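Asks: curious how this folds, go ahead:
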Amino acid sequence: MLSEKEKLDTLTRLGIDLNRVQDLDILMERILTEARRFVNADAGSIYIREGDRLQFAYTQNDTLQKRLEKGEKLIYSTFSIPVDETSIAGHVALTGHPINIEDVYRIEPARPYGFSDRFDRVSDYKTGSMLAIPLKNIKQDVIGVLQVINSTDETETVIAFSEEDQNMMQVFASIASVALERAQMTRAILLRMIRMAEMRDPKETGAHVNRVGAYAVEIYDRWAYRHNIPVNEIEKSRDLLRMSAMLHDVGKVGISDLILRKPDRFNQDEYQIMKQHTVLGAQLFQDLQSDFDEAAAQVALNHHERWDGDGYPGHIDIITGRPIQGRTRPDGIPLGKKGDEIPLFGRIVALVDVYDALSSARVYKEAWNEARVLDTLEKEAGAQFDPELVDIFFSSLDMMRAIQERYMDDGPH
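Replies: Numbers count the residues shown, from 1 in each chain. Okay, here's the model as predicted:
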């Protein structure tokens, strides 16, 4: 439990720390973690406002997490609720005022909002105290709701959130909202870049790249846990990877429509041109201004390399696009990168991009059923894909399915 001095010190550094996180999803996780620490809450959720509805974005629950094996994560359903008076979060979004409830099972009948115990019944969890705070932008418009659940004392007994807790959380929320709005703007810019690619290639949809980004972070988290990577490095890397993975195919903006929109298989010449999207994508980020530029270039360049060395573009000079001297086959084609020569981010995105492509319907094909997709990935372990990452992928199938559900296509693209 944080002391008052620790809370004040945390508030002082919070704005700086949160503004270092660039990706929206990673930031929401971080905001929720910090909020719960502030008031020693066992659980919590974040809702993001989209029009007249609140989208359930993230949840954390220490009690339920303790029931899982080490390294496992909670899987939650994606849903939305209306911005109205009937629910606690909806009421907070509607009015812009916090709600502090000592016991959600004893809400006064005169209140317009109520508590649904469906989650408690399904998960065998007991929600008690709850504090719901509006997240407001600089114009004081509500952009989301932060909800913390079950404040606990030193003996882990559930207690009510105090008035001081509420006041501190409102300050916390104002700081977090600034970072959240900035991250939403960053996400919007990324999606605009992706929409440019989508205008050229109908396969590049917002849903596809969001799935690839979320899959990639899930694989990385489990890989980092296995390899005992320091927490600060994990937090930085997953932020960079989430955004970089979304832009893996941005180089397609430089490929002709005649090739991108061809509904049939490419001929050999067309395929050679198509492969250049990896180099073109990396070249977009060559004026390195940040770690993100480096990570994005790495992913764009390497996500079609193969573990066995038969991928592309291989060992090339990114600036010229030409093979590196001494790293070519007898026919002059660059040798493909092999095994650990392929950067980790590239190996991860190579796997999850293929998984999503095979699992998704396109104008020229139906989605493969899951059994066929998984059989293909298993057979390609050690050939197309890093075998360790394939093993990690299979250990996180439930999470992959949850991500698919969260970022569903509107239909075939």
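Asks: per-residue pLDDT, Y225?
Replies: Looking at Y225, its pLDDT reads 93.
Asks: correct me if wrong: it contacts G71.
Replies: Yes - here Y225 reaches G71: they are 4.6 Å apart, a contact under Cβ atoms under 8 Å. Bear in mind the C-beta positions are built from the backbone N, C-alpha and C, glycine included.
Asks: what's around L377, how many residues?
Replies: Residues contacting L377 under the criterion other Cβ atoms under 10 Å number 19.
Asks: next one: the one 5 residues further on
Replies: Using other Cβ under 10 Å, G382 is surrounded by 13 other residues.
Asks: likewise K66?
Replies: Neighbour count for K66, taken as other Cβ under 10 Å: 7.
Asks: give the contact list for M169.
Replies: A35, F38, V39, P98, L131, I133, L146, V148, F161 (Cβ atoms under 8 Å, 6 or more residues apart in numbering).
Asks: repeat for I75
Replies: Contacts of I75 by Cβ under 8 Å, 6+ apart are D398, M399, A402.
Asks: so which of those residues is the closest to M274?
Replies: Nearest to M274 among those, counting by Cβ to Cβ, is M399 at 31.4 Å.
Asks: residues contacting the helix or strand where that closest one lies, please?
Replies: Under DSSP states H and E, the secondary-structure element containing M399 is helix 397-406. For helix 397-406, the surrounding residues in contact (Cβ under 8 Å, 6+ apart) are 73, 75-78, 211, 214-215, 218, 355, 359, 374, 393.
Asks: at 7 Å what do you get?
Replies: K73, I75, T78, R211, A214, Y215, E218, S359 (Cβ atoms under 7 Å, 6 or more residues apart in numbering).
Asks: got it, and stretch 271-285?
Replies: Contacts of stretch 271-285 (Cβ under 7 Å, 6+ apart): 249-252, 254-255, 259, 266, 293, 296-297, 300-301, 304, 312-313, 316, 318, 321.
Asks: so which of the contacts of helix 397-406 sit within helices?
Replies: Members of those lying in helices (criterion: DSSP state H): R211, A214, Y215, E218, S359.
Asks: can you list these in JSON lines and add neighbour count and distance to L24?
Replies: Listed next are these as JSON lines, based on neighbours: other Cβ atoms under 10 Å; distance: Cβ to Cβ, whole Å:
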{"residue": "R211", "neighbour count": "26", "distance to L24": "15"}
{"residue": "A214", "neighbour count": "23", "distance to L24": "11"}
{"residue": "Y215", "neighbour count": "25", "distance to L24": "16"}
{"residue": "E218", "neighbour count": "21", "distance to L24": "16"}
{"residue": "S359", "neighbour count": "18", "distance to L24": "23"}
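Asks: and G311, how many neighbours?
Replies: 21.
Asks: element containing F393?
Replies: Going by DSSP H and E, F393 is part of helix 387-395.
Asks: so that helix versus helix 397-406, what angle?
Replies: 70 degrees (axes from the mean of the first three to the mean of the last three Cα atoms, to 10 degrees).
Asks: what would the contacts of helix 397-406 look like in TSV with distance to T278 and pLDDT?
Replies: Formatted as TSV, the contacts of helix 397-406 follow (distance: Cβ to Cβ, whole Å; pLDDT from 0 to 100):
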residue	distance to T278	pLDDT
K73	31	84
I75	33	84
T78	32	78
R211	20	94
A214	22	95
Y215	19	97
E218	23	96
S359	22	93
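Asks: using CSV, list the CA coordinates for stretch 393-408.
Replies: Coordinates of the C-alpha atoms in stretch 393-408 are reproduced here as CSV (Å, rounded to 0.1, in the frame of the first residue of the first chain):
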residue,chain,number,x,y,z
PHE,A,393,2.0,-19.3,-30.0
PHE,A,394,0.3,-22.6,-29.2
SER,A,395,0.6,-22.0,-25.5
SER,A,396,-1.4,-18.7,-25.9
LEU,A,397,-4.2,-19.9,-28.3
ASP,A,398,-7.0,-18.8,-26.0
MET,A,399,-5.6,-15.3,-26.0
MET,A,400,-5.2,-15.3,-29.8
ARG,A,401,-8.9,-16.2,-30.1
ALA,A,402,-9.9,-13.4,-27.7
ILE,A,403,-7.9,-10.9,-29.9
GLN,A,404,-9.6,-12.2,-33.0
GLU,A,405,-13.0,-11.5,-31.3
ARG,A,406,-11.9,-8.1,-30.2
TYR,A,407,-10.8,-6.9,-33.6
MET,A,408,-13.3,-8.5,-36.0
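Asks: and that stretch, what's buried?
Replies: F393, S396, M399, M400, A402, I403, Q404, R406, Y407 (16 or more other Cβ atoms under 10 Å).
Asks: gap between T155 and N40?
Replies: 12 Å (Cβ to Cβ, to the nearest Å).
Asks: and the helix or strand hosting R13, how far from the chain's centre?
Replies: Per DSSP H and E, R13 falls inside helix 4-18. Relative to its chain's centre, helix 4-18 lies at 25 Å (Cα atoms, centre = their mean, to the nearest Å).
Asks: what do you get for stretch 254-274?
Replies: On Cα atoms, centre = their mean, the centre of stretch 254-274 falls 30 Å from the chain's centre.
Asks: which helix is the longest one in the protein?
Replies: Every helix in the chain considered (DSSP H), the longest is helix 163-200.
Asks: okay, the contacts of I75 in a markdown table with distance to K338 next?
Replies: Compiled in a markdown table, these are given as follows (distance: Cβ to Cβ, whole Å):
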| residue | distance to K338 |
| --- | --- |
| D398 | 32 |
| M399 | 29 |
| A402 | 33 |
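Asks: where do the helices sit along the stretch 201-350 of the chain?
Replies: 206-226, 231-246, 257-260, 268-274, 277-284, 291-302, 344-359 (DSSP state H, counting those that start in this stretch).
Asks: tell me which two of the contacts of M169 sit farthest apart.
Replies: F38 and P98 (14.0 Å).
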